[in-house]
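*Asks:* Fold the stuff below for me.
(chains A, B and C)
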Amino acid sequence: MTSFGFVPILCTDNDQDGLPKEHTPMIKMTTTWLLAALLMFVQLTASATAGETDFSGLKDKYEKDHPGKGKFSQYWEPIPIQKYWNPRNFYQPPTAVSGEVSRDQCVACHQSLTPGAFHAWENSTHAKLDAIRNLSNGQDARFYKKEKLAEIERNLVKQGVLKEGEPLKEVGCIDCHGKVGAQSIRHDKDLVMPDRTQCGSCHLQEFAEAESEKDQQWPQGQWGKGHPSHAVDWEANVETAIWAGMAEREIAQGCDMCHYQQNKCDGCHTRHSFSAAEARQPEACATCHNGVDHNEWENYTLSKHGTVYQTHKSTWNFDVPLKDALTKGGYTAPTCQYCHFEFNGEFSHNLVRKVRWGFNPTPAIADNLKHPWFEGRKENWNTTCAHCHSPSFARSYLEAADKGTLAGLKVEQEAKQVVEGLFRDGLLPGQKTNRPAPPAPEKDAPGGFFQLFWAKGNNPSHVERVHADMWEHDLIKLYKGLVHGNPGGFTYTEGWSELMRDYAVIMDENTRLREKSGNAPGAAAANPPAGKDDSNVRNVLGGLALLAGIAVLLYRRKH
Amino acid sequence: MTSFGFVPILCTDNDQDGLPKEHTPMIKMTTTWLLAALLMFVQLTASATAGETDFSGLKDKYEKDHPGKGKFSQYWEPIPIQKYWNPRNFYQPPTAVSGEVSRDQCVACHQSLTPGAFHAWENSTHAKLDAIRNLSNGQDARFYKKEKLAEIERNLVKQGVLKEGEPLKEVGCIDCHGKVGAQSIRHDKDLVMPDRTQCGSCHLQEFAEAESEKDQQWPQGQWGKGHPSHAVDWEANVETAIWAGMAEREIAQGCDMCHYQQNKCDGCHTRHSFSAAEARQPEACATCHNGVDHNEWENYTLSKHGTVYQTHKSTWNFDVPLKDALTKGGYTAPTCQYCHFEFNGEFSHNLVRKVRWGFNPTPAIADNLKHPWFEGRKENWNTTCAHCHSPSFARSYLEAADKGTLAGLKVEQEAKQVVEGLFRDGLLPGQKTNRPAPPAPEKDAPGGFFQLFWAKGNNPSHVERVHADMWEHDLIKLYKGLVHGNPGGFTYTEGWSELMRDYAVIMDENTRLREKSGNAPGAAAANPPAGKDDSNVRNVLGGLALLAGIAVLLYRRKH
Amino acid sequence: MTSFGFVPILCTDNDQDGLPKEHTPMIKMTTTWLLAALLMFVQLTASATAGETDFSGLKDKYEKDHPGKGKFSQYWEPIPIQKYWNPRNFYQPPTAVSGEVSRDQCVACHQSLTPGAFHAWENSTHAKLDAIRNLSNGQDARFYKKEKLAEIERNLVKQGVLKEGEPLKEVGCIDCHGKVGAQSIRHDKDLVMPDRTQCGSCHLQEFAEAESEKDQQWPQGQWGKGHPSHAVDWEANVETAIWAGMAEREIAQGCDMCHYQQNKCDGCHTRHSFSAAEARQPEACATCHNGVDHNEWENYTLSKHGTVYQTHKSTWNFDVPLKDALTKGGYTAPTCQYCHFEFNGEFSHNLVRKVRWGFNPTPAIADNLKHPWFEGRKENWNTTCAHCHSPSFARSYLEAADKGTLAGLKVEQEAKQVVEGLFRDGLLPGQKTNRPAPPAPEKDAPGGFFQLFWAKGNNPSHVERVHADMWEHDLIKLYKGLVHGNPGGFTYTEGWSELMRDYAVIMDENTRLREKSGNAPGAAAANPPAGKDDSNVRNVLGGLALLAGIAVLLYRRKH
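*Replies:* Residues are numbered from 1 along each chain as shown, chains lettered A, B, ... in the order given. Below you'll find the model as predicted:
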């Protein structure tokens, strides 16, 4: 596998009750660990054979897997702009231009109509395939594209688009917005907004790699199959209850503006340049990977990695593939892409093979870090870091990042108990007099995800929102700051110090409300939630159960 | 008209009572719509003829229009640094250097005294006019400057500074800090800190374009004439009551550090390079257009437009004028300047001809979006976006941005009712015991603009400040995030999700204070402000009134 | 002295009681002013002779000065990653690789083991000394390095590493991770993680310059000797009570990730490029100098200085030494390094000779700004600014920055009185029922520094944390925004407007808690702390005392 720009872990949200997933009962875990071991084997096999996948099979699977409007489809209708975020389901050609238009007419007309799009394309590789085909100097950073082009032509021969030995002349408007190789289309009938399959018909290997993210399976069901990943980010979007329930569709579609990677490839390879070099630069990830609930961009930029990038990048060559970044590209620090595309020394568009904490730290992950699935992935990270750092440094740092994350999770969980206690006891302001339910299909819950995007009357109360900020913002920023090496970020600017502040707000309110109600103040808070410290015991038991399970499996096979 | 660097909408603040402008009575609207239609015609005519304006007339008008210390002049005195922000009114030459100094002495002395300023100038076009004059290659990106130089020489001939056919040798210290073409000045008497007129004596076209922003007139008086624009930003500054009333003049002058574009040109063309190429880059706008109350810089940077800029800019040519940006400049995404200098395919220093929501969304704008003035400008935006996007995309996106902004405004207005209700009922903490009035000329009001910059005792109460944050920060960030395509920005990091949080804080407090006072909790909140949903009716009525008005006008003319 | 990249004032924290230092009694001040005058003389002499320091003496002093685990060593144990932040005390070679390894084996093995580190080194000056030695063109920006190399060779001759006339061949792995000039080391016994002395054995001048920061002494003991500076930042770290007391060591080590400049040089000259050009760019400072408690990076970036840097930097040459930045480097605006390395026209690694407000504004500084120590440094700043600006501009701006800072301090101090009043009166929520003490060696105090990093039960209460934010975040951001010329930053986004918000929160709570307790509301707040307005009187008295002291001293000398 080789490399082609861009970035990591994608936001999926939470289960329907609006809360982060929690402790799973032991029985279920043992079973899932066993399954996990098997799945790891399956996954390794699957990804190794991705290169041989045939296009039509992959396309069929992609289309079958696609959720369309999702399980909450009855609750929402698309607004016009959404046809661009999910063209597969919502796009219809405009009726303004009717009749048949030829390959050349497309270009000629759009040169004057949309000159920005035209000139971006005109200067792109798509418009100058011969420049690649004629490269003779192996030292040219783009030389690897010559073989890539030959591979694409072989794909098109298999699909019957090209004859054996026939070169692909260019990739123009019509090839993507109609059909590869088409000479004309009916503008008001056949016009297409490309999705992953259109790009994949040529870029089959990258399509297969990207789709293989769907094979991701968590050992204790912490996330659903394939989550979190770019490959299912649209699914994550439309199956989030508050997203589907919100009346303000123009706000909700803001989520789509990032959660469309499952649908399209231009999130990283911006139209109409479709540049690999662009997609290899950290800024290509920034539009989506920034902000309160996953500040990767800010953390990277302010880390040593990021400042080395910024001070040296004018001497780095982003035309070289990621595998040659250190040797020929002159990188002296990693980009987002370098670490997140890498897996055991190879680079691909499957970015989730080293995911451990995923999008947000939860007890269900924290309690299972000793499980082989998590340990194995930590080992893979050590390998990545050791491209530049000593293994001892890598291990020490990753250990500190894990323990720092656990420390933050503990604070957040204590606050959660306090807020849920107030809710249970009916003590939140207005809880009994002015607490409307969130819009269906969302359901009410204290400190739920929906409270970040919806408010009415006294729902949420202030402290619930503060708790929602703790788990969805502060804790994630702590973790993201730790793993991306932004010291001020995780220590005081965002992360730990914000957790402290929000904890203080919640404890103040708890004391106040309980004093008012005559209830003992801070009872819940004085004792951290029981069962937090038995995670090691459970890990050992889980490990034994896994071994027992494998033994049983092997025994049965033989008999 | 052609192009020369920099950026958009300028902050003006609020009317004297410290609150955003609100619903205007119907009668007034009808009249103003009529006036608007006429003014649109006048404006179009005016801007078309700007190129022919003579310098002395323009200079006279500029000086006559200048507010100096403004209507609140009795309340404040300038501190020393302010002589640089408004040299016209406050600058006096230093007395340290006396006597006559020659053109060459200026340069020689400042080469050693202020080498930074000298070297910046030395490498600038001002110091090397011959390099421009001698350009023979039409392909040189700076070739357009050759005609620009000839045009400037023609201006100077008209002003009697040059003889017919006499070339301008250089632009040195003395030309701007004394008088164009002067050979010597008395340093302690004649030294000048240049304002718009000094630059305008050569750069007449740009001066005229920039001054034409003052013709901006809103159809329902949502903003005063010329507001918001760079051309009146000093006026907006000195006529803001809290700015004039604050005792802390060193803090207040922080506003001047951006609100001086009406006074000087080096806000974008930084002295002493005065580079057009600099002013064409988005960073040139960043010093002023960032932060809590107008985060354009952050939104652009994190948008797709901004990340394409960042990953591709090393191949873009900022020496080409904006009109050639897509064709010869290699731009594959817009800069701030590309969209905000453009109007109907031409580029000029009048940046306000497409302004619609202006600086902050208010009901007075929201209720009139169907008015032809707003609809026409939306159409102009569609044209701009369609330089790269399909008209269908442009329209869909702009519609979503409008509706998303309206959704935020509704939340803010509901919170406003709640806070004003608490104030009206005298329930805010300390309202009756410890609420000093703000300094004159400012007047007390709940949630007023002044509460962002002044606090004493229990003025403002916490929830008033939270409401001030909602309308001046959250809502603006929502709107700016939407129109600049920063999805995380408007959805969760800033904007919508912050509005939800602040709303929750206000509702908590409302319930608490009303429970304490024995008042029914949340009465105001349960019902959104009446009259919000009749805006369409009013628009239709307004449209009819406009037509009627025009009919009457035509009828009277004939008779 | 010459120049070699990077940045300014370093965070040290607070005295043990967790509060910013306050008014010092008069007697003490008079004495300290006298001492200060003497010390200024000593310092000037000391820094002038730094260039002649011999290496072994400097190394001995460095090692003797080093605090190791510091005075709170009994309270904490290092975690594994800390061996990299403070190798001097905690590093042990890994036992995985045993036996003797040669100079060439180091390189060969790490080329495949850690290719990122290898290639960074391979392209560095360290690996290509001959390229420097063979420079013959004095116009090459790196030409100054030729003399630098000769100087280093002279240092090594003195240390007996090189023979007279023997050239240094290369600087490879072994020279820094073993000993300069070594041919082999035992990997499991001799391997070293370099500290300041390893770098200093070659780069003696820079080492001496950097160490001279320890001579910094404040006239009224506002900060301890050498503080705040890079040269004692590790000491500041380990002697902060809450840092030592925190149970969460993985969070605490986040502080180390910046507070290690006392230990190592790669904070700015990132391994394994060790590039001076990198360290001269503002981004090199960004990892540490950003965020809520010292947002220098944000302020610089958004200032005019920063936007000029961003729009012009592709034409600036960072290979030239700082002293040639304006003339040969093409800088048209200052970098962090240009202003903070400069002192009276010369550039060195001592960055604290112009420090005045230091890390955070306190009354002990505010009340003494008229003292010659502070006045002298202000004059030094005027000199710096006047490299580009007129002295009149420089003075006006610096005066505004001082007064703006004083205005913010006054607001913060008023809020402090209110919060301390609530604490004194036992009125804070849960203060009598649920207020655990912070972990030893930290001690409880209202609004203390520790409350930014630790919380349990009702310690801190919400308003204490808000006050901690005011003095450690808002006030510092106000000051840093002012001095770095970021108008929106200090006026409304961060700084002043945040101070207003936090003040309002505290006053609300004060009114509420005192009403509840039957105590008169806002009594403390209505009157600003006594003694704030007599600072000028005290300054005059202090000045007289200083003169008297000097007179006494001279009199005694003679007799």
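*Asks:* Can you list the low-confidence ranges for the stretch 51-200 of chain A?
*Replies:* A:51-53 (pLDDT under 70).
*Asks:* what do you get for chain A?
*Replies:* Ranges of chain A meeting pLDDT under 70: A:1-53, A:519-559.
*Asks:* longest helix in it, by residue count?
*Replies:* Under DSSP state H, the helix in chain A containing the largest number of residues is helix A:391-424.
*Asks:* ok, it near chain B or not?
*Replies:* No - using Cβ under 8 Å from any Cβ of the partner chain, helix A:391-424 stays clear of chain B, coming no nearer than 12.3 Å. The C-beta positions use only the backbone N, C-alpha and C, and glycine is treated the same way.
*Asks:* where along the stretch 451-559 of chain A do the helices fall?
*Replies:* A:462-469, A:475-483, A:487-488, A:496-517, A:523-526, A:535-558 (DSSP state H, counting those that start in this stretch).
*Asks:* Spatially nearest residue to whatever residue of the stretch 101-250 of chain A ends up closest to chain C, not counting backbone neighbours?
*Replies:* Proximity to chain C, evaluated over the stretch 101-250 of chain A using Cβ to the nearest Cβ, is greatest for residue A:141 at 15.6 Å. Distance criterion Cβ to Cβ, 6 or more residues apart in numbering or on different chains; nearest residue to residue A:141, sequence neighbours excluded, is residue A:319 at 3.7 Å.
*Asks:* I'd say the one you found and residue A:277 touch.
*Replies:* Yes - taking Cβ atoms under 8 Å as the definition, residue A:319 is a contact partner of residue A:277 at 5.1 Å.
*Asks:* so, in contact with chain C or not, the longest helix of chain A?
*Replies:* Yes - Helix A:391-424 reaches chain C (Cβ under 8 Å from any Cβ) through A:392-393, A:395-397, A:399-401, A:403-404, A:407-408, A:411.
*Asks:* Can you mark which positions in that helix are buried?
*Replies:* A:392-398, A:400-416, A:418-423 (16 or more other Cβ atoms under 10 Å in any protein chain shown).
*Asks:* And for stretch A:314-321?
*Replies:* A:316, A:317, A:318, A:319, A:320, A:321.
*Asks:* any idea how chain A splits into domains?
*Replies:* Split into domains by automatic domain parsing, chain A comes to A:1-52, A:82-208, A:406-525.
*Asks:* residue boundaries of the strands in chain A?
*Replies:* A:100-102, A:184-186, A:342-343, A:346-347 (DSSP state E).
*Asks:* Just name the most buried of the ones you listed.
*Replies:* Of all the strands of chain A, strand A:342-343 has the most neighbours on average by mean count of other Cβ atoms under 10 Å in any protein chain shown, namely a mean of 22.
*Asks:* Once you drop chain neighbours, what's closest to the residue in the stretch 51-200 of chain A positioned nearest to chain B?
*Replies:* Closest contact between the stretch 51-200 of chain A and chain B, by Cβ to the nearest Cβ, is at residue A:116 (3.0 Å). In space, and not counting its chain neighbours, residue A:116 is closest to residue B:388: 3.0 Å by Cβ to Cβ, 6+ apart.
*Asks:* so what's the one you found up against?
*Replies:* The neighbours of residue B:388, taking Cβ atoms under 8 Å, 6 or more residues apart in numbering or on different chains as the test, are A:114, A:115, A:116, A:117, A:120, B:326, B:333, B:334.
*Asks:* wait, what's in contact with the nearest residue to residue A:72 once chain neighbours are set aside?
*Replies:* Nearest residue to residue A:72 in three dimensions, chain neighbours excluded: residue A:244, at 3.5 Å (Cβ to Cβ, 6+ apart). Residue A:244 is in contact with A:70, A:72, A:73, A:75, A:76, A:238, A:441, A:442, counting by Cβ under 8 Å, 6+ apart.
*Asks:* want to throw those into CSV with distance to residue B:173?
*Replies:* Converted to CSV, those look like this (distance: Cβ to Cβ, whole Å):
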residue, distance to residue B:173
A:70, 67
A:72, 69
A:73, 70
A:75, 69
A:76, 65
A:238, 64
A:441, 70
A:442, 67
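*Asks:* out of the residues you listed, who's nearest residue B:360?
*Replies:* residue A:76 (29.6 Å; Cβ to Cβ).
*Asks:* Just to check, that closest one is in contact with residue A:247?
*Replies:* No - the pair residue A:76 / residue A:247 is not scored as a contact, 9.5 Å apart, by Cβ under 8 Å.
*Asks:* Between the two, tell me which one has more neighbours.
*Replies:* Neighbours per residue, other Cβ atoms under 10 Å in any protein chain shown: of residue A:76 and residue A:247, the larger number sits with residue A:76, 19 against 10.
*Asks:* From residue A:238, how far out is the nearest residue to the more buried one once chain neighbours are set aside?
*Replies:* Distances taken as Cβ to Cβ, 6+ apart put residue A:244 closest to residue A:76, at 5.1 Å, once the chain neighbours are dropped. With distances taken as Cβ to Cβ, to the nearest Å, residue A:244 is found 7 Å from residue A:238.
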